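In: Sharing a sequence plus its predicted fold:
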Amino acid sequence: MKPKRYGMVIDVDRCYGCGACMVACAVENNVPPPQSSASARTGITPMRVSEARNGKAFPESELAFIPMMCQQCGEHTPCVSVCPQLAVDVDPNTGIVSQIPERCLGCRYCMAACPYHARYFNWWDPQWPAGMERTLNPEVAPRMRGVVEKCRFCHGRLQAAQSKAAAAGHKDIDPADYVPACAEACPTGAIQFGDLLDAGSDVAQAAKGPNTFRLLEKIGTDSHVHYVSKREWVRDMGGAAKGVKHG
Amino acid sequence: METTRRNIFRFAAGASAGVFFTPAPWKLLDDVSVWSQNWSWIARPLRGEITEKFTACTLCGAGCGIRARCVADQPCRLTGLAGDPASGRTRLCPAGIGAHQLPYAPSRLRTASINGKPATIDEAVVEVMARVKSANRVAVLDGRPGRCASDIYRAVAASDKKWHYVVAPGSTGLMAEMSRLTGVAWGLDTERVKTVLSFGAPVLHGWEMPGKLLERRADYRLIQVEPVQSRTAAFADTWLAVPPHTEGVIAGAIANVMFRDGLVSCDAAAGYRNVVASLTPERAAEISGVPVARIEETARAFASGGPAIALGPVEAGTLGREGAIAVAALNLLIGDRAAVVARGPLVLNAEFADIEEGSVDVLLIDGAAPLPPSLVRRKLRAGACVVALSAFPDEWTTLASIVVPAPAWMEFREDVTGSPDAVRNSFRLAAALVKPAVDRTITPADFVARAAGVDKTVAAEMDARIAAIHARRVGEVYKAGDGSRVELASLSADDFKAALNDGAVWVGPLEKKVRTGAVKWPSDAATFARALVPESTGDGLMLAVRSGMPPVPLLGKLYQESELYAAAGIVRMNPVAGMAEGTRVELRNAFGSGNASVRLDASLPAGVMQASNDAALKLCGAGSDAWRMAAVNVRRAS
């Protein structure tokens, strides 16, 4: 199998903050509904759309929505470096930063190390209203209280695609078989997903296009999630990671 | 080694230190981690055969086709149908994505109640029958007209003069006002449109219609006329920020400019010239603060940017009737350059607002009808009985004396007629894919038929409608399973019914020769122009936003865990109001009072507030049709 670098290119100017990606992510990954006392800090939103403004008053105010998830750092991955349990690793074949909840001890060192605040701690046992547990995705195990979780580019879908390819006798998966839930759900097509090493792919070309940026690019994590915006203030904010409201 | 006390301690200490250099403690730690994550109380996903089923969403009028991935026959993932010709969207909204969890929402109504006391459905039927017997007027309010259930309501109304069938404004789509003016049902041609002139329509941020405009955003120019910076306004190519309730003035002024500059290309529009004669761009600029040049530029962009469309809000709440007419008229002025398609003769339903005031003895409400509660109260006679037929608590179950639990979506088979603004008629079935999570429910139509003593069922009406469609033998059938399309004429009646039960959709032909009647322009120009101009008193204008979202449990992620949408009990206002973030305030006006927490938002104009809960809606009077707006006084809550 050829090594891949799965990544995303998110067109911020096409994100209108509908939240379809967030709900699709929660459905796909068996994230439970919020506890009554959960907040923006203590809830679990592996995909979170944050609102950002240019800081000007009416009517010059401008608005942007930044879909935020694990940025899948390719270099000096902070969470990998600090995990005492080897519960986090970068898969060399896919470039995806894994998270193995069964190994996690819940020390939350990785949360402190993550510069993107993209990791969430399960403060409560996962609970679904009576009967709703029947709607859970059979390809993803629910996580228990006391472990950290994050976006894994819908690893259940990757495994399903790999199983399908193996059953058909192919080494590589069909790219159409592996699309994370958020990219599949986005009604405006703002989220593109694919192999950044495949120079001919839309996502690889978009990542090299004009007006692209990566969050906190200066810290050198070589994240695999790229953003695009024609608006300068959005690019400046993304580079400096200032102004994104985190609840 | 000699066995001494000291040596035993040495051995123990050495062994303790040495064990950390073996895999044992780490393996133990791993095992404890794994074991502790498989507690018996942690839910486990169902196991079973993975299958795909096809259905349609009935949570709003868009009627989106749905592919349901099921495990052991239980839906666990819903996605849209890209090739579906009748879907309002090809990708689902957040409510649709999580809608398979809706039947299990903790807020479900589980028992009927009469005057707040638990009762059985049979008792509720008997109570309603007794009230109907002594009533002079009984009204059935249909929040989603066009279904087979609506046919039952019509049949009930036809069987007895005291029964009246009415619909809520807005339930007939974005083009409803245009249809009223012309007597023709219009569809919105989203495939061709190049310019969208929107007067508060939620083109980019709505849950409901027009979803396909959202998906085709790159293909048209969007001009948004709106008082606040909604998400549509924020991402429009041009945003005309106007004071609340002056959108109609702008629409009238645009029409005025079009007449003045010879941009009108419809003979039937001549009757409108006098109506907007006084709404010159100069006068509109004076009222709205929008420069004359921008109004003229917008008029030219709309008239020459065809195919174009002018849209008002889904619920004509902030425009009022005259404002909605002014917007609809713009489409008629540009004639063939409007991105609309005549769909057929208009099926005119009586509207709730048309009912005589203080005349309704019994009101049965099916669906979340977008109406101001104060208007509903005005129509009721003293001591009237309101019956809410709903699966979930809403503003009507709060108002009602009798509440009857209805089945939730996916728990029963229902029909979907597609968006009222679609260019082609369609029909499909939404299958019952899950076992009812609540045992004792009754569909609103069956309840009304029982209460009226009419021997009709929705199932029989569905069969009759399927047979009627098949008898016409026109149109095509799209089968979601394999994406194929077949002519209806090539299918037998049984095959057609079987295909519908498997999730197929029938799409009618484009109607080619629909004749529009004479346009009913407003007759009194002075009254019309006066009604477009707002009046307000109080500390500020409050715009109430009705979320209209079904209580899908996972939507708490958007409201509570991300704050992507303002939760209930929040009022947004400009910092110049002098309030601090989080201050508890009381909003009060002639219609009542309510408390809310302040959220500062510099993107709002000074003097305008936005609130998004039902309590805020109660403050919005029904003195005019512009009921989602109210002048309120603001005080710090004690």
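Out: Ah, there it is.
In: Provide the secondary structure category for residue B:95.
Out: Reduced to three states with DSSP: H, G, I helix; E, B strand; the rest coil, the structure at residue B:95 is helix.
In: burial of it, as a residue count?
Out: Neighbour count for residue B:95, taken as other C-beta atoms under 10 Å in any protein chain shown: 25. In this view, the C-beta of every residue, glycine as well, is placed from N, C-alpha and C.
In: My read is that it contacts residue B:553, right?
Out: No. With contact defined as C-beta atoms under 8 Å, residue B:95 does not reach residue B:553; the gap is 11.2 Å.
In: who's in contact with residue 111?
Out: Looking at chain A here, since you left the chain open. With contacts defined as C-beta atoms under 8 Å, 6 or more residues apart in numbering or on different chains, the neighbours of residue A:111 are A:117, A:119, A:120, A:121, A:148.
In: um, chain B though
Out: Residue B:111 sits next to B:118, B:119, B:120, B:405, B:440 when contact means C-beta under 8 Å, 6+ apart.
In: can you confirm the first one is in a strand?
Out: If I follow you right, that is residue B:118. Yes. When three-state DSSP is applied, residue B:118 is found to be in a strand.
In: ok, back up a step: closest to chain B among the contacts of residue A:111?
Out: When the contacts of residue A:111 are ranked by distance to chain B (C-beta to the nearest C-beta), residue A:120 comes first, at 9.5 Å.
In: you'd agree the closest one is up against residue A:43?
Out: Yes. Counting by C-beta under 8 Å, residue A:120 does reach residue A:43; the two are 7.4 Å apart.
In: Separate out the buried members of the contacts of residue A:111.
Out: Among the contacts of residue A:111, those that count as buried by neighbour count (16 or more other C-beta atoms under 10 Å in any protein chain shown) are A:119, A:120, A:121, A:148.
In: Now tabulate the residues you listed in CSV and tack on pLDDT, distance to residue B:195 and secondary structure.
Out: Shown next, in CSV, are the buried ones among the contacts of residue A:111 (pLDDT from 0 to 100; distance: C-beta to C-beta, whole Å; DSSP: H, G, I helix; E, B strand; the rest coil):
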residue, pLDDT, distance to residue B:195, secondary structure
A:119, 96, 45, coil
A:120, 96, 43, strand
A:121, 96, 49, strand
A:148, 95, 49, strand
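In: Closest residue of chain B to chain A?
Out: Residue of chain B nearest chain A, by C-beta to the nearest C-beta: residue B:561 (3.2 Å).
In: What is the burial count for that residue?
Out: Residue B:561: 26 neighbours (other C-beta under 10 Å).
In: How much space separates it from residue B:243?
Out: Using C-beta to C-beta, to the nearest Å, residue B:561 is found at 35 Å from residue B:243.
In: need the strands for chain A, in chain order.
Out: A:6-11, A:48-53, A:63-68, A:88-90, A:97-99, A:120-121, A:148-149, A:191-195, A:212-213, A:225-228 (DSSP state E).
In: and residue B:388, which of the ones you listed is closest to it?
Out: strand A:48-53 (34.1 Å; C-beta to C-beta).
In: Centre of chain B to the edge, which residue is at the far end?
Out: residue B:2 (86.6 Å; C-alpha atoms, centre = their mean).
In: what residues are up against it?
Out: Here residue B:2 is in contact with no residue (C-beta under 8 Å, 6+ apart).
In: Need the strands of chain A in a markdown table (columns: distance to residue B:154).
Out: Formatted as a markdown table, those follow (distance: least, C-beta to C-beta, whole Å):
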| stretch | distance to residue B:154 |
| --- | --- |
| strand A:6-11 | 47 |
| strand A:48-53 | 44 |
| strand A:63-68 | 44 |
| strand A:88-90 | 62 |
| strand A:97-99 | 57 |
| strand A:120-121 | 52 |
| strand A:148-149 | 53 |
| strand A:191-195 | 45 |
| strand A:212-213 | 57 |
| strand A:225-228 | 52 |
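In: My reading is that residue B:91 is in a strand; is that accurate?
Out: No. Per three-state DSSP, residue B:91 lies outside any strand segment and is coil.
In: Could you measure from it over to residue B:214?
Out: For residue B:91, the distance to residue B:214 - C-beta to C-beta - is 9 Å.
In: what do these two both touch?
Out: residue A:187.
In: neighbour count winner among those two?
Out: Between residue B:91 and residue B:214, counting by other C-beta under 10 Å, residue B:91 is the more crowded of the two (24 against 21).
In: from what I can see that one touches residue B:212, true?
Out: No. Residue B:91 is beyond contact range of residue B:212, at 10.2 Å (criterion: C-beta under 8 Å).
In: Strand A:63-68 and the least confident helix or strand in chain A by mean pLDDT, what's the angle between them?
Out: In chain A, no helix or strand scores lower on mean pLDDT, DSSP states H and E than helix A:232-240, which sits at a mean of 87. Per axes from the mean of the first three to the mean of the last three C-alpha atoms, to 10 degrees, the angle that helix A:232-240 makes with strand A:63-68 is 30 degrees.
In: which stretches of chain B aren't confidently modelled?
Out: Scanning chain B for pLDDT under 70 picks out B:37, B:170-173, B:207-210, B:314-318, B:368-370, B:512-517, B:534-539, B:545-548, B:614, B:621-628.
In: Show me how far stretch A:144-151 is from its chain's centre.
Out: 14 Å (C-alpha atoms, centre = their mean, to the nearest Å).
In: Start and end of that stretch, how far apart?
Out: End-to-end distance for stretch A:144-151: 16 Å, by C-alpha to C-alpha, to the nearest Å.
In: can you check stretch B:390-404 too?
Out: Taking C-alpha to C-alpha as the criterion, the two ends of stretch B:390-404 lie 6 Å apart.
In: Stretch B:91-106 now?
Out: The straight-line separation of the ends of stretch B:91-106 (C-alpha to C-alpha) is 27 Å.
In: May I see the buried residues of it?
Out: For stretch B:91-106, by 16+ other C-beta under 10 Å, it's B:91-105.
In: Could you pull up the contacting residues of whatever residue of chain A ends up closest to chain B?
Out: Of all residues in chain A, residue A:43 sits closest to chain B, at 3.2 Å by C-beta to the nearest C-beta. Applying C-beta under 8 Å, 6+ apart, one finds that residue A:43 lies in contact with A:34, A:35, A:120, B:557, B:560, B:561, B:562.
In: try it again with 10 Å
Out: A:31-35, A:37, A:120, A:123-124, A:247, B:556-557, B:560-562 (C-beta atoms under 10 Å, 6 or more residues apart in numbering or on different chains).
In: Of these - the most surrounded one?
Out: residue B:557 (29 neighbours).
In: does that one sit in a helix or strand, and which one?
Out: helix B:556-559 (DSSP states H and E).
In: What strands line up against the next helix or strand along the chain from that helix, and which way round?
Out: Remark: after helix B:556-559, the chain's next helix or strand is strand B:570-573, criterion DSSP H and E. Paired neighbours of strand B:570-573 in the sheet (DSSP bridges): strand B:592-600 (parallel), strand B:608-611 (antiparallel).
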